[in-house]
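Engineer: Got a predicted structure here, sequence first:
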Amino acid sequence: MAAENVGWWGVPLAIAAGTMRGGTPFLFVSLGECLTEKSGKINLGLEGTLLTGAMSAYAISYLTGSPWLGVLMAGVAGMALGLIHAWLTQQPKVNDVAVGIAMIIFGSGIAFFLGKPFIQPSAPQLPTFNLGGWSSISSLQEALRISPLFLLGVALAPIMTWFFKSTRWGLFIRAVGDSPDAALAMGVSIKKVRMLAIIAGSFLAGIGGASLSLYYPGIWSERISTGQGLMAVALVIFARWQPMQCLYASLLFGGAQAIGPALQSVGITQGYYLFNAAPYILTLGIMILTCSPTRTISGAPGALGSGS
Amino acid sequence: MQTRNRQHWGKTLESICLPVAALLFSLFLFGIFCAAVGSNPFDVYASIYKAAFGSWRSFQNTLIRAAPLMLTALCTALPARLGLVIIGNEGALVMGGIGAIIAGLGLGGHALPLVVQLGMAIAGLLFGGLWIGAVGALRHYRGVNETISSLLMNYIAIALLNHLVNGPMKDPASLNKPSSFPIPNVDMLGVLPGTRIHYGLIYGIVACVIAYILIQRTTFGFAARTAGGNIRAARIAGLPVGKLTMAICFLAGSCAGLAGMVEVAAVHGRANESLNANYGYSGILVAFIARYNPLAATVVAVLLGGILASGGILQRVHNLPDATVLVFQGLVFLVVMYSESLYGRFAIFKERSEVKPTRQPAAVV
């Protein structure tokens, strides 16, 4: 066990490593959800998208030997699911939360069905930057094995902030999400903007799936996602719909997820399963603290969930 | 009066025809999917029918699976009348199972079997009820989105179950699949005379009938439906919206909790990870197809129970992965969602006279 050399230091080290590894899927899914929700629609089905992305990435990487092609395919598969969600939620009288639940079932069904043959074989993983070469401690080296996907996600957060703030399309999305009437007056097609925002968001969620199956934990199985796609929805609320806050929140959640395994690695197995619930309890706790029955949360897109 | 009646019938007919059409259309889509992966769709249909309803033996199997579905469906259907989308069915079921096993192990051997069973049922109702009741309380007092909080609580309940059966409650004899100690055989729920179907089916049907009467025929149900239609109007009318929310959520959760008790006391005899067998998630689907009508939920639960029961045969005969059933459920769900947009679009279901149809209440979801 790697933690032997470092003793108790293994715990904070493993949690720090977890923030980056476990935080990467959170980061992509939450940025995707943020983009979607800014346009005024909720996509609860990103859990299904995440699973489909993880499966597609793994399968393509195994079949072609190119993990980067797998990442691309994960995004494309995500877009396909996003298209279904976007089309369905724009029908009259169709509730986007309910469609999201349907998409979770459908997406995970597709992922498990098509992914069945790929559970056994091992696919080529994404290359990593090994920044820990200077150290002789193996667990430190392990913790500093940083994925390019993580760096990509970190770069994406400020880019998205800039996109919302300073570009034409960013303005369109904000207008459609905050005040559809104003957007209509501007001559923006609400339907088209929402369609694109949902599909682009699903693309990002698919990439988040790829980071699960091709980086950490780096396998494909039916239990690979532990609800990251769902927690991302809560995470976006916590982040007040701001991409940079999504980044910080994702790191926090990744760290929370690593607590159980980190304690287990130094021999604390008591309550292992309870520590595994840490991210969910954290999410719930955050929601209880930040929500209020009387006022809407600051930063929420005005038309979010109103069905208009 | 006559026109009112006709309109009423048109609406009823519409809410039967559209889900049936949606089911048929999703069967068609599923057939295309099967053909795409290289199976003959008609053979697959035949296998599903055979496995679900083909013989008395397989139909009993279907009914055994329908029992928890009826109960978990109520966990989504009841709050939906209040305008809440609750999907914590799986968690409430697991909590009900935990409550039932605690009561069963505590009372087992110390009391008459009937008392033990009653104790397990009450514990299941209570645990599940408090679990979803908490979701309702968070919604009312803190404004926490009930869909997300109930989903998160699913994961917390499952983690709690894993913790208990791997730790404090673990039977050392259960190696491959960590489980709690089993409840004594005499205390298990029995079967209906002459069948293999356990009493859980009766629980399910009775719960659905009570739920229907409660929602459609009592002042409590009327208050809940009013609040679901327009919460501001309900507040102005002086309805206790908070109490209603909590009461409905408690009842909803206790139904799913009872499903967990049935699984523990009639099927597994102990608590382990088999409890979280997706009955909760399938129950959501039942509630949506039944359009939150508890009576319709019994019928839909039997249909879906049949589809779930056919998972094994699809794997054995057609070499399709077990996730096939999940794909089919997903397709049904998506098509049913789409069919929501078709209500009121077909002239056949409408009243043709001059009387303007009364405005539909706001969509429940």
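Structural biologist: That came through, no problem. These figures come from a predicted structure and were not determined experimentally.

Engineer: Need the contact partners of stretch B:122-129.
Structural biologist: Contact partners of stretch B:122-129, identified using Cβ atoms under 8 Å, 6 or more residues apart in numbering or on different chains, comprise B:75, B:92-93, B:95-100, B:102-103, B:250-251, B:253-262, B:264. (Each C-beta comes from the backbone N, C-alpha and C, glycine too.)

Engineer: Inside helices: which ones of those?
Structural biologist: Judged by DSSP state H, helices contain the following of those: B:75, B:92-93, B:95-100, B:102-103, B:250-251, B:253-262.

Engineer: got a pLDDT number for residue B:2?
Structural biologist: In this model, residue B:2 is scored at 51, pLDDT.

Engineer: now do residue A:79
Structural biologist: For residue A:79, the predicted pLDDT is 97.

Engineer: ok, and the closest non-adjacent residue to residue 221?
Structural biologist: Let's take chain A. Leaving aside its sequence neighbours, residue A:221 sits nearest to residue A:119 (Cβ to Cβ, 6 or more residues apart in numbering or on different chains; 5.8 Å).

Engineer: right idea, wrong chain: chain B
Structural biologist: Residue B:221 sits nearest to residue B:215 (Cβ to Cβ, 6+ apart), 3.9 Å away.

Engineer: Could you pull up the residues touching the one you found?
Structural biologist: So residue B:215 contacts B:78, B:81, B:221, B:224-225, B:294 (Cβ under 8 Å, 6+ apart).

Engineer: ok and the residue in chain A nearest chain B?
Structural biologist: residue A:106 (2.8 Å; Cβ to the nearest Cβ).

Engineer: check which helix or strand covers that residue.
Structural biologist: helix A:96-115 (DSSP states H and E).

Engineer: strands paired with the helix or strand just after that helix, and their directions?
Structural biologist: Using DSSP H and E, the helix or strand that follows helix A:96-115 in sequence is strand A:129-130. The strands beside strand A:129-130 in its sheet (DSSP bridges) come out as strand A:145-146 (antiparallel).

Engineer: Just the residues contacting the strand it pairs with, thanks.
Structural biologist: Here strand A:145-146 has contacts from A:20, A:128-132, using Cβ under 8 Å, 6+ apart.

Engineer: After it, which helix or strand is next?
Structural biologist: helix A:148-166.

Engineer: Can you mark which positions in whatever helix or strand comes next after that next one are buried?
Structural biologist: The first helix or strand that comes after helix A:148-166 along the chain, using DSSP H and E, is helix A:168-178. Residues of helix A:168-178 classed as buried by neighbour count (16 or more other Cβ atoms under 10 Å in any protein chain shown): A:170-178.

Engineer: tell me how far the helix or strand following helix A:168-178 is from the chain's mean position?
Structural biologist: Using DSSP H and E, the helix or strand that follows helix A:168-178 in sequence is helix A:180-186. Here helix A:180-186 is found 30 Å from its chain centre; the criterion is Cα atoms, centre = their mean, to the nearest Å.

Engineer: and helix A:180-186, what does it pack onto?
Structural biologist: Where contact means 3 or more Cβ pairs under 8 Å, 6 or more residues apart in numbering or on different chains; DSSP states H and E, helix A:180-186 is packed against helix A:168-178, helix A:190-214.

Engineer: Using CSV, write out every CA atom in that helix.
Structural biologist: Output in CSV follows, covering the C-alpha atoms of helix A:180-186 (Å, rounded to 0.1, in the frame of the first residue of the first chain):
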residue,chain,number,x,y,z
PRO,A,180,-37.5,35.3,-22.8
ASP,A,181,-39.7,38.2,-23.7
ALA,A,182,-36.8,40.5,-24.0
ALA,A,183,-34.9,38.0,-26.1
LEU,A,184,-37.9,37.7,-28.4
ALA,A,185,-37.9,41.5,-28.7
MET,A,186,-34.2,41.3,-29.6
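
Engineer: of all the contacts of strand A:145-146, which two lie farthest apart?
Structural biologist: A:20 and A:130 (13.2 Å; Cβ to Cβ).

Engineer: So these two - more neighbours on which side?
Structural biologist: Between residue A:20 and residue A:130, counted using other Cβ atoms under 10 Å in any protein chain shown, the more crowded position is residue A:20 (25 against 11).

Engineer: Quick check: nearest residue in space to residue B:86, chain neighbours excluded?
Structural biologist: residue B:79 (4.4 Å).

Engineer: Tell me the confidence at that neighbour?
Structural biologist: In this model, residue B:79 carries a pLDDT of 96.

Engineer: For it, give me its contacts.
Structural biologist: Taking Cβ under 8 Å, 6+ apart as the test, what residue B:79 contacts is B:85-86, B:132, B:136, B:146, B:248-249, B:252.

Engineer: wait, which of those is closest to residue B:344?
Structural biologist: Of the contacts of residue B:79, the one sitting nearest to residue B:344 (Cβ to Cβ) turns out to be residue B:85, at 21.7 Å.

Engineer: Nearest to chain A: which residue in chain B?
Structural biologist: residue B:330 (2.8 Å).

Engineer: list the contacts for that residue?
Structural biologist: A:102-103, A:105-110.

Engineer: Neighbour-wise, which one of these leads?
Structural biologist: Going by other Cβ under 10 Å, residue A:107 tops the contacts of residue B:330 with 33 neighbours.

Engineer: Now it: closest residue in space that isn't a chain neighbour?
Structural biologist: residue A:48 (1.9 Å).

Engineer: for chain A, which spans come out with low pLDDT?
Structural biologist: A:1-6, A:295-296, A:306-308 (pLDDT under 70).

Engineer: Pull out the buried positions in stretch A:138-150.
Structural biologist: Quick answer for stretch A:138-150 (16+ other Cβ under 10 Å): A:139-141, A:143-147, A:149-150.

Engineer: Run the chain-centre distance for stretch A:222-241.
Structural biologist: Distance, centroid of stretch A:222-241 to centroid of chain: 6 Å (Cα atoms, centre = their mean).

Engineer: Pull up the distance across that stretch, start to finish.
Structural biologist: For stretch A:222-241, the separation between the terminal residues is 30 Å (Cα to Cα, to the nearest Å).

Engineer: buried stuff in that stretch?
Structural biologist: A:224-239, A:241.

Engineer: thinking again about what came up before, closest to residue B:151 among the contacts of residue B:215?
Structural biologist: Once Cβ to Cβ is applied, the member of the contacts of residue B:215 that ends up nearest residue B:151 is residue B:78, at 17.5 Å.

Engineer: element containing that closest one?
Structural biologist: Judged by DSSP H and E, residue B:78 forms part of helix B:56-81.

Engineer: What is the neighbour count of residue A:116?
Structural biologist: 16.

Engineer: which residues touch the closest residue to it other than its chain neighbours?
Structural biologist: With sequence-adjacent residues excluded and distances taken as Cβ to Cβ, 6+ apart, residue A:116 is closest to residue B:321, at 4.1 Å. Residues near residue B:321 by Cβ under 8 Å, 6+ apart: A:112-113, A:116, B:315.

Engineer: for residue B:10, phi and psi?
Structural biologist: When quoted as degrees, to the nearest 10, the phi and psi of residue B:10 stand at phi -60, psi -40.

Engineer: and the residue nearest to it when sequence neighbours are not counted, what is it in contact with?
Structural biologist: Spatial nearest neighbour of residue B:10, excluding adjacent residues (Cβ to Cβ, 6+ apart): residue B:349 at 4.5 Å. Applying Cβ under 8 Å, 6+ apart, we find residue B:349 in contact with B:10-11, B:13-14, B:17.
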